[in-house]
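> Sharing a model prediction with you, sequence too.
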Amino acid sequence: MGSFSDPRTPFSRILIGSQEREVSSLEEALGFIRECDGDGLAELLASQARAAGMDGDKAILALKGRLDAFRSVLAEY
């Protein structure tokens, strides 16, 4: 499972698969995402689709969109 938290502190906690890290910047978050294995990232994206009540073709399109967005952001850094 994966999740993002947004506490009222200068840090955010990111959980991807079984790995967890506190980050304070986009650069740190992207670095952590790069370090994670593909299974953990896939589970993060899938859990977000499930939480939004998506399934079937709708979930696949949402997953593709999120992967494209991740790829785009990672390519910039």
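Thanks, I have the structure now. Numbering: from 1, shown residues only.
> So what touches the longest helix anywhere in the chain?
Counting by DSSP state H, the longest helix found in the chain is helix 56-76. With contact meaning Cβ atoms under 8 Å, 6 or more residues apart in numbering, helix 56-76 is reached by Leu30, Ile33, Arg34, Leu41, Leu45, Ala46, Gln48, Ala49, Arg50, Ala52, Met54. Using the backbone N, CA and C atoms, a C-beta is placed for each residue, glycine as well.
> could you redo these as CSV and give each row secondary structure, pLDDT and neighbour count?
CSV is the format used below for the contacts of helix 56-76 (DSSP: H, G, I helix; E, B strand; the rest coil; pLDDT from 0 to 100; neighbours: other Cβ atoms under 10 Å):
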residue, secondary structure, pLDDT, neighbour count
Leu30, helix, 77, 16
Ile33, helix, 79, 18
Arg34, helix, 79, 10
Leu41, helix, 74, 18
Leu45, helix, 74, 20
Ala46, helix, 76, 17
Gln48, helix, 78, 17
Ala49, helix, 76, 17
Arg50, helix, 80, 12
Ala52, coil, 82, 11
Met54, coil, 78, 16
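> right, and the pair among those with maximum separation?
Arg34 and Met54 (25.9 Å; Cβ to Cβ).
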